[in-house]
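>>> below are the sequence and a predicted model; questions follow.
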Amino acid sequence: MTNHSCTIHPDVVDDVAKRMVRGETLDRMSAFLKVVADPTRLSIVSALLIREMCVCDLAKLLNMEHSAVSHQLAVLRRNDVVKVRADGKVKYYSLSDEHINTVFSVTFMHVNE
């Protein structure tokens, strides 16, 4: 067993402990990231970054069954990633707010560095 010399900096530990994200906020952040980590849901978000779309158009674009797209949209909607607007019998989906665009854009830039 190796004995490592370790110097703890109490001021640093105390400062970070006071300021780091914890509790319910951390749980909500984790849940959000799990939702958008799915490749199919990321594809939907990518499409909705460009413009709002209905389920039929998303299904055609992603080469998926209507029911599968509806299921993924329901997950995204429950987690406040997308919102829906009805126009007669057609429902159009769009991103819930600008923060989704920011998260997607920053992630895109990071992985393409």
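Received it, and whenever you're ready, just let me know what you need. Numbers count the residues shown, from 1 in each chain.
>>> residue 21 should be in a helix, yeah?
No: counting by DSSP: H, G, I helix; E, B strand; the rest coil, residue 21 is located in no helix; its state is coil.
>>> what's the burial count for it?
Burial of residue 21, expressed as a neighbour count using other CB atoms under 10 Å, amounts to 10. For glycine as for every other residue, the C-beta is placed from the backbone atoms N, C-alpha and C.
>>> neighbours of the nearest residue to it once chain neighbours are set aside, how many?
Computed as CB to CB, 6 or more residues apart in numbering, the closest residue to residue 21 that is not its neighbour in sequence is residue 29, at 6.7 Å. Here the number of neighbours of residue 29 (other CB under 10 Å) works out to 11.
>>> how about residue 33?
Considering only other CB under 10 Å, residue 33 is surrounded by 11 other residues.
>>> measure residue 55 to residue 41 for me?
The spacing between residue 55 and residue 41, counted by CB to CB, to the nearest Å, is 14 Å.
>>> and what of residue 63?
For residue 63, the distance to residue 41 equals 16 Å [CB to CB].
>>> between those two, which one's more packed in?
residue 41 (18 against 6).
>>> quick one, what contacts that one?
By CB atoms under 8 Å, 6 or more residues apart in numbering, the contact set of residue 41 is 35, 72, 75, 76, 81.
>>> can you check residue 64 too?
Taking CB under 8 Å, 6+ apart, we find residue 64 in contact with 40, 58.
>>> sec struct for it, please.
Residue 64 is classified as coil under three-state DSSP.
>>> quick check, pLDDT for residue 3.
What the model reports as pLDDT for residue 3 is 64.
>>> kindly report the same for residue 65.
Here, the pLDDT recorded for residue 65 equals 97.
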